[in-house]
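**Student:** Quick one: sequence and predicted model below, then my questions.
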Amino acid sequence: MIIGQRGIGGMIAFRLLLVLLAALSVVQAPRAVSAAAELPQADLPPAYRIGPGDILAITVWKNDNLSRVVPVLPDGRVSLPLLGEIVAAGKTVSELQAELTKKWKEYAANPVVTVTVNQVNSFLIYIIGKVNSPGRFQLNSQTSVLQALAMASGLNPFAQGDEIKIFRRRQGKMVIYPFDLDKVEKGVGLNQNILLMPGDVIVVP
C-alpha cells in the first residue's frame, strides 16, 4: 500500500499528539493527588441518637400486643407493655432495640424487635448573633456548620465571620468549636466545617 507524503505527515503529527497528551497526564497526575490530599477526609455521619419528641415505631414480630407507636416524652422515656417506662433518649436505634429484646425475653420466647424512628423532632440547633435569620432550626438530616449558616440566610454585614463558635454539651461539659468562615470560603481549614449535633448553638459575633 502506498501512502502519500501528506498522509505520512498526518500520521506522524497524530502520534506526536498522543505522546504529548500522555506526557501531560503524567505531569498533572501528582498535582491532582496533592490537591485532593489537602482536603479533609469526609467524616462518616454519627449514628442518630433518639431524643425527646421523636416518634418511635416499636414492633415485635407476630405480637401485636407488644407493638406500639410511641412518642419519646420530655424526660426521654417511652412507656411500653410489660416493661413500663424505658429510657430511650440518648440511645441509638440498635441500642434500644437490643435492650428491648433482652427485657422482653422474660415474657416472650425469642422476641424479634424492630425499632424505627417514624418522626425526627428532637434534632434542633440554634443560631444566634449577627445572621439575617437567627432562631431555632429543626433538622431532618446531617447538616454542617456552613449549611446551617445558609439556613439562617447568611451573615449580616456587621458579623465577624472569623470569630464564629459552636457550643456543644458533651457528657455534662460545654465544648466550644471555632469556625472561621473567611478561611472556609477560601478552601482553607475545611475540617472546621463539622457536622452538627442536636442541641448545638452557633454564635456569630
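**Tutor:** Perfect, I can see it now.
**Student:** mind checking pLDDT for the residue nearest in space to the middle of the chain?
**Tutor:** Nearest to the mean C-alpha position of the chain, counting by Cα atoms, centre = their mean, stands residue 142 at 3.1 Å. As predicted, residue 142 sits at a pLDDT of 87.
**Student:** Is it located within a helix, as I assumed?
**Tutor:** No. With DSSP: H, G, I helix; E, B strand; the rest coil as the criterion, residue 142 is coil rather than part of a helix.
**Student:** Flag the shaky bits of this protein, pLDDT-wise.
**Tutor:** 1-46 (pLDDT under 70).
**Student:** tell me the domain ranges of it?
**Tutor:** The chain breaks down by automatic domain parsing into domains covering 1-38, 55-119, 124-204.
**Student:** Ok, which of those domains comes nearest residue 49?
**Tutor:** Checking those against residue 49 by Cβ to Cβ gives domain 55-119 as the closest, at 5.7 Å. Quick note: C-beta positions are derived from backbone N, CA and C, even for glycine.
**Student:** on that earlier part again, isn't the residue nearest to the centre of the chain up against residue 194?
**Tutor:** No. Applying Cβ atoms under 8 Å as the test, residue 142 and residue 194 come out as separate, 10.5 Å apart.
**Student:** Need the overlap of contacts for these two.
**Tutor:** Common neighbours of residue 142 and residue 194 (criterion: Cβ atoms under 8 Å, 6 or more residues apart in numbering): none identified.
**Student:** Tell me how many other residues crowd the spatially closest residue to residue 177 that is not a sequence neighbour.
**Tutor:** Of all residues not flanking residue 177 in the chain, residue 166 sits nearest, at 4.2 Å (Cβ to Cβ, 6 or more residues apart in numbering). Neighbours of residue 166 under the rule other Cβ atoms under 10 Å: 21.
**Student:** And residue 91, how far from residue 149?
**Tutor:** 30 Å (Cβ to Cβ, to the nearest Å).
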